[in-house]
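1. Structure, please.
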Amino acid sequence: MSDLQKEFLRAKLQHLPREPPMPYSTPENLISLAEAEEEESIESIPLSPLTDDSSSASSASSTGTIRPSTFIRPLQPRKKPNFEPIPWNEHFSSSLLLTSPNNDKFHAYFTPPSPVGPLFVSHHGAGSSGLSFALLASEIRKILPSAGMLSFDCRGHGETHTSDNDDLSLATLSKDLETVIYLVMAHCGWTSCPDIVLVGHSLGGAVVVNVASSGNLGNCVLGYAVLDVVEGSAIDALQSMQVYLSTRPSGFVSLSQGIEWHTRTRTIRNPTSARISVPALLSNNGDGTGPRPWHWRTDLGKTQPFWEGWFVGLSKRFLEGRGGKLLILAGTDRLDKELMIGQMQGKYQLMVLPEVGHFVHEDAPEKTAVALVDFYTRNNRSMLVLPPKVSNIIPKAK
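-> Below is the predicted model:
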């Protein structure tokens with residue numbers, strides 16, 4: 001170091017404060033206290049799991065850092081699911097008992113449309129009832145308040161009683177649907193029928209397709225919607241139908257137990273809809289005896305002779321029928337070859353709801369209602385704006 005550097009550092013150090021002088025020796029009591037604290041701190045350091053052979057070394061050291069919490073979250077009481085029935089009059093304005101000319105009694109749930117509104121006519125599937133469409137009816141009217149809803153119990157189901165409840169052939173069920181529509185028109189005093197949209201689920205889909213393709217209702221039918229039924233998958237499912245029926249309980253202790261069974265088995269995935277529709281599927285034997293007094297109203301096993309007749313030729317009739325066509329499915333795997341070709345040709349509208357079960361209108365009534373109202377709007381004749389006639393344009397051009 002040069003002399004110039006030494007002089008520079010000496011000038012800097014003169015301005016710094018002086019440190020206190022270090023003691024020549026440390027008292028013995030301070031030395032012993034420091035050593036004790038050092039030993040204690042060394043003992044308190046946990047051994048590394050990499051060097052300690054004890055398997056509890058790491059856990060013992062970690063538990064030493066746990067501090068008990070003074071806050072204990074109170075246990076929330078688990079809400080018990082409600083399986084009590086919901087009355088039908090929360091979704092329909094009236095319950096009708098319509099008598100046909102041959103004295104058959106058809107039970108129907110009805111909400112009349114406005115003078116300019118459409119009428120959605122629904123037909124349920126085998127073993128179900130008209131209340132299967134209760135939630136859907138409410139959702140449709142939320143979107144389209146002018147719409148009406150007619151949902152009836154077909155023969156052998158619900159509270160409908162005919163001279164032959166066991167005749168569930170496609171021709172008989174189709175004739176019943178036409179009869180119910182004309183009976184409602186007479187009940188309301190209509191001289192002409194309103195615009196009708198036919199909606200059918202499962203077996204009901206086959207019935208509405210058959211009615212629409214026959215043309216017996218004339219120009220009243222704007223279109224028809226089929227819910228989760230196609231010919232190919234329906235016929236394949238018939239092979240396992242008897243197995244499914246054998247797994248169902250023969251009866252229930254109460255209506256609430258029947259509702260609970262439908263929701264727990266995910267037969268109906270919407271508990272609210274199950275509370276409306278399931279009570280109509282069961283009847284009490286009346287004597288109050290037996291461990292399970294509530295039994296199925298409809299014996300589906302007796303309908304086996306009609307199963308193939310319901311669905312054979314369904315795809316062809318669906319594509320060839322008059323009016324707009326809507327198919328709502330719970331999965332694209334249900335499409336057969338004929339429907340796939342028709343869909344690619346744009347012959348019908350397809351909607352898939354993969355998150356629902358077979359009862360698409362009960363599991364997702366909001367989405368189904370949106371699809372049906374949109375389907376009606378597309379096919380509404382009063383909304384069509386036609387171009388002027390050429391004969392009217394030519395004179396104006398001259």
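2. What segments of the stretch 1-150 of the chain are helices?
-> For the stretch 1-150 of the chain, applying DSSP state H, counting those that start in this stretch gives helices covering 3-13, 28-44, 57-63, 134-143.
3. Out of the ones you listed, name the one with the poorest average pLDDT.
-> Lowest mean pLDDT within the helices of the stretch 1-150 of the chain: helix 57-63, a mean of 41.
4. which residue sits closest to residue 99 in space, ignoring its chain neighbours?
-> residue 105 (5.9 Å; C-beta to C-beta, 6 or more residues apart in numbering). All C-beta atoms are positioned from the backbone trio N, CA, C, and that covers glycine.
5. can you pull the buried residues of stretch 321-335?
-> 321, 323-330, 334-335 (16 or more other C-beta atoms under 10 Å).
6. Mind listing residues that contact it?
-> Applying C-beta atoms under 8 Å, 6 or more residues apart in numbering, the contact partners of stretch 321-335 are 209, 212-213, 215, 221-228, 230, 232-233, 318-319, 339, 343, 347-354, 356-358, 360, 368, 371-372, 375, 378-379.
7. looking only at pLDDT, what's the mean for stretch 327-337?
-> Across stretch 327-337, pLDDT averages out at 83.
8. so how far is that stretch off the chain centroid?
-> Remark: stretch 327-337 is offset 16 Å from the chain centroid, using C-alpha atoms, centre = their mean, to the nearest Å.
9. what does stretch 178-187 give?
-> Distance, stretch centre to chain centre, for stretch 178-187: 31 Å (C-alpha atoms, centre = their mean).
10. residues of it that come out buried?
-> For stretch 178-187, a neighbour-count test (16+ other C-beta under 10 Å) marks 179-181, 183-185 as buried.
11. Make CSV out of those and add secondary structure.
-> Below are those laid out as CSV (DSSP: H, G, I helix; E, B strand; the rest coil):
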residue, secondary structure
179, helix
180, helix
181, helix
183, helix
184, helix
185, helix
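12. beta partners for the residue nearest to residue 99?
-> Beta-bridge partners recorded for residue 105 (DSSP bridges): residue 99, residue 161.
13. I'd say it and residue 162 touch.
-> Yes - using C-beta atoms under 8 Å, residue 105 makes contact with residue 162 at a distance of 7.2 Å.
14. What segments of the stretch 201-350 of the chain are strands?
-> Counting by DSSP state E, counting those that start in this stretch, the stretch 201-350 of the chain has strands at residues 221-227, 251-252, 282-284, 294-296, 324-329, 349-352.
15. Tell me how far residue 102 lies from residue 327.
-> 34 Å (C-beta to C-beta, to the nearest Å).
16. got it, and residue 2?
-> Residue 2 sits 100 Å away from residue 327 when distances are taken as C-beta to C-beta.
17. Not counting residues beside it along the chain, what's closest to residue 274?
-> Per C-beta to C-beta, 6+ apart, closest to residue 274 is residue 268, 4.3 Å.
18. what's the distance between the one you found and residue 246?
-> Separation of residue 268 from residue 246 (C-beta to C-beta) stands at 20 Å.
19. Counting neighbours, go ahead and name the busier of these two.
-> Legend: neighbour count by other C-beta atoms under 10 Å for residue 268 and residue 246, higher for residue 268 (24 against 8).
20. got a pLDDT number for that one?
-> The confidence metric pLDDT takes the value 95 at residue 268.
21. Could you pull up the residues touching it?
-> So residue 268 contacts 262, 274, 277-278, 357, 359, 362-363 (C-beta under 8 Å, 6+ apart).
22. possible to save those as a markdown table with distance to residue 190 and neighbour count?
-> Conversion of the contacts of residue 268 to a markdown table gives the following (distance: C-beta to C-beta, whole Å; neighbours: other C-beta atoms under 10 Å):
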| residue | distance to residue 190 | neighbour count |
| --- | --- | --- |
| 262 | 37 | 22 |
| 274 | 34 | 25 |
| 277 | 28 | 27 |
| 278 | 33 | 27 |
| 357 | 37 | 16 |
| 359 | 31 | 26 |
| 362 | 30 | 29 |
| 363 | 33 | 21 |
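23. of those, closest to residue 87?
-> Closest to residue 87 out of the contacts of residue 268 is residue 277 (12.1 Å), distances taken as C-beta to C-beta.
24. isn't the closest one right next to residue 131, touching?
-> Yes - in this structure, residue 277 is within contact of residue 131 by C-beta under 8 Å, at 4.5 Å.
25. how about low-confidence regions in the chain?
-> Where the chain drops to pLDDT under 70, the residues are 1, 4-5, 8-9, 12-77, 286-289, 333, 383-398.
26. and residue 100, how far is that from residue 324?
-> In this view, residue 100 and residue 324 are 29 Å apart by C-beta to C-beta.
27. go on, residue 172?
-> 26 Å.
28. Over to residue 142?
-> According to C-beta to C-beta, residue 142 stands 22 Å off from residue 324.
29. Check residue 332 too.
-> 21 Å.
30. ditto for residue 298
-> Distance, residue 298 to residue 324, by C-beta to C-beta: 31 Å.
31. same thing with residue 251?
-> Distance from residue 251 to residue 324, by C-beta to C-beta: 42 Å.
32. Does residue 263 touch residue 273 like I think?
-> No - using C-beta under 8 Å, residue 263 makes no contact with residue 273, being 9.5 Å away.
33. who's more crowded, the two?
-> Applying other C-beta under 10 Å to residue 263 and residue 273 shows that residue 273 carries more neighbours, namely 25 against 19.
34. was I right about that one contacting residue 134?
-> Yes - with contact defined as C-beta under 8 Å, residue 273 counts as touching residue 134 (7.2 Å).
35. got the buried residues of stretch 321-335 as CSV, with distance to residue 201 columns?
-> Formatted as CSV, those follow (distance: C-beta to C-beta, whole Å):
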residue, distance to residue 201
321, 17
323, 18
324, 18
325, 15
326, 13
327, 12
328, 9
329, 12
330, 11
334, 13
335, 17
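36. for the residues you listed, which one is nearest residue 305?
-> residue 334 (24.5 Å).
37. what's the neighbour count on the closest residue to residue 183 other than its chain neighbours?
-> Residue nearest to residue 183 in three dimensions, not counting chain neighbours: residue 98, with 4.1 Å by C-beta to C-beta, 6+ apart. By other C-beta under 10 Å, 19 other residues sit near residue 98.
38. Over to residue 166?
-> Neighbours around residue 166, by other C-beta under 10 Å: 13.
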